[in-house]
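K.L.:
Just a sequence and a predicted model for now, questions to come.
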Amino acid sequence: MILQPDYPQIIWSFEYRGWTLEVDRSDTDGQEVYAVWANNSVGCAIAVPRATTKEEAIRRGKQYVDRRL
């Protein structure tokens, strides 16, 4: 049983090379952490499970897409 579920809180979404990247922010043990969801025409995936800054999350999200093209 999950006592406090962590629902995605998308704070920013943008298009990158045909993919939609969605930046999620959550609070883990008092620290803000970021994740990135990558969506394309055939599905979605968690591209970045954890990053400490929004800039790092975006950079790693773009790298995720670049590796798949």
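P.N.:
Great, that's in hand.

K.L.:
quick one: strands adjacent to the helix or strand of the chain with the lowest mean pLDDT?
P.N.:
Every helix and strand of the chain was ranked by mean pLDDT, DSSP states H and E. The lowest is strand 19-28, at a mean of 95. According to DSSP bridges, strand 19-28 forms sheet pairs with strand 10-16 (antiparallel), strand 31-40 (antiparallel).

K.L.:
Comparing those, which comes out most buried?
P.N.:
strand 31-40 (a mean of 17; mean count of other C-beta atoms under 10 Å). Using the backbone N, CA and C atoms, a C-beta is placed for each residue, glycine as well.

K.L.:
Check the residue nearest in space to the middle of the chain and give its pLDDT.
P.N.:
Residue closest to the average C-alpha location in the chain (C-alpha atoms, centre = their mean): residue 36, at 0.8 Å. We note a pLDDT of 98 for residue 36 in this prediction.

K.L.:
Show me the shaky parts of the protein.
P.N.:
Residue ranges of the chain with pLDDT under 70: 1-2.
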